[in-house]
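Asker: Sequence and predicted structure below; questions after.
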Amino acid sequence: MTTFGVAIMWFVGGGIYPFLSHATETIDPINVVFIRAWGAAAILFLAVLFLAPRSPRTFKFDKSFFPIVISSVLYSPICSVSLAWSSSRIPGAISALLYSTLPAMSIIYLAIQGKRPSVLATSGVVVASIAVVFLIGAPQGSVQVAGIFAALLSTFAWFAATEIWIKYESGYPLIFAIFLQVFIGAIGTTIVHFVMKAPDIHTRDVFNPTVIFLILALASQYWAYLGISRRVSPALLTSFAFVNPLVAGVLGFLAFNQKLQLIQLIAGAILLIGVYLVVKSETSA
């Protein structure tokens, strides 16, 4: 199951970025997030009924519930809305590359906790940071630059939510805990949808093939990622950062004609080298 979860994060996770970019070309980004959040929540609710029908009875409104709420809000709407908004302004492969900084963030976080990173890991962080600077400077125009920073915000929110999820064990059956996390996030997207006065959602938006893929991908991604997050090392957990940019770039080019500038390709290669050094240091420790 761990191998299956990692495979989903590698390949399905990588496919999300170009599909999200394509969906936001015709559908408002907030509407995309709203539809896929509630769609994923519905799928996971069915999974709860099938796999752990008695688990809702274990729910308690106590202190263990609040970390789930905080991580839910970080994942969605903060992470998901930022990513969707950025995807309407930059190619999906660039968003995937920015998520490749997650292993570096893990190393920095461990260092803050007093766990000194190796020289190899530190070198990887430096290389990855330089690449991110190139990525931020590569796009032309303020809108695209804003898209880069929105993707970075999404990455930071994902990292923070993951750390909270791992640190605070709710005690609920896993599938029910994952459903709660996604369900609360869906409520958060509803509030954002109302506050931001997003356009009306049409039936054609809900049944758009691209959106349907995003719903299925989100449900499986949450299930896989949160399911293995407490069982594997940070290096393996964030290993999807290697494969996602490649999958996103290939799918974006073949399916949606999303093109990258030469400097972005070079920066992406540098970034992957930096991330490789970080993960190599962790797996060889």
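Answerer: Thanks, I have it. Since this is a predicted model, take the numbers as computed values, not measurements. Residues are numbered from 1 along each chain as shown.
Asker: Nearest the middle, which residue of the protein would you pick?
Answerer: residue 158 (5.9 Å; Cα atoms, centre = their mean).
Asker: Strands along the stretch 101-250 of the chain, start to end?
Answerer: Assigned by DSSP state E, counting those that start in this stretch, the stretch 101-250 of the chain shows no strands.
Asker: Can you pull out the low-pLDDT segments for it?
Answerer: 133, 135-143, 233, 235-236 (pLDDT under 70).
Asker: at 50 what do you get?
Answerer: Within the stretch 101-250 of the chain, the stretches with pLDDT under 50 are 140.
Asker: show me where it has helices.
Answerer: Secondary structure of the stretch 101-250 of the chain (DSSP state H, counting those that start in this stretch): helices at 102-112, 119-137, 142-167, 174-195, 203-206, 209-228, 234-237, 240-256.
Asker: Reformat the ones you listed as CSV; add distance to residue 44.
Answerer: Placement of C-beta: from N, CA and C, glycine included. What follows is those, written out as CSV (distance: least, Cβ to Cβ, whole Å):
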stretch, distance to residue 44
helix 102-112, 23
helix 119-137, 33
helix 142-167, 15
helix 174-195, 4
helix 203-206, 18
helix 209-228, 6
helix 234-237, 20
helix 240-256, 20
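Asker: out of those, which comes closest to residue 272?
Answerer: helix 240-256 (6.7 Å; Cβ to Cβ).
Asker: Looking at the helices of the stretch 101-250 of the chain, which is nearest to residue 91?
Answerer: helix 240-256 (5.9 Å).
Asker: How about the residue nearest to the centre of the chain: what's its closest non-neighbour residue?
Answerer: residue 79 (5.0 Å; Cβ to Cβ, 6 or more residues apart in numbering).
Asker: one step back: out of the helices of the stretch 101-250 of the chain, the one nearest residue 69 is which?
Answerer: Across those, closest to residue 69 is helix 174-195 (Cβ to Cβ), at 5.7 Å.
Asker: Residue 8: which of the helices of the stretch 101-250 of the chain is closest?
Answerer: The nearest among the helices of the stretch 101-250 of the chain, by Cβ to Cβ, is helix 209-228 at 3.9 Å.
Asker: what are the C-alpha coordinates of the helix or strand hosting residue 73, in PDB please?
Answerer: Residue 73 is part of helix 65-73, with elements assigned from DSSP states H and E. Provided in PDB are the C-alpha atoms of helix 65-73 (Å, rounded to 0.1, in the frame of the first residue of the first chain):
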ATOM      1  CA  PHE A  65     -10.200  18.200  16.500                       C
ATOM      2  CA  PHE A  66      -8.500  21.600  16.200                       C
ATOM      3  CA  PRO A  67      -5.200  20.400  14.500                       C
ATOM      4  CA  ILE A  68      -7.400  18.800  11.900                       C
ATOM      5  CA  VAL A  69      -9.200  22.100  11.300                       C
ATOM      6  CA  ILE A  70      -6.000  24.000  11.100                       C
ATOM      7  CA  SER A  71      -4.400  21.600   8.600                       C
ATOM      8  CA  SER A  72      -7.600  21.500   6.600                       C
ATOM      9  CA  VAL A  73      -7.700  25.300   6.200                       C
END
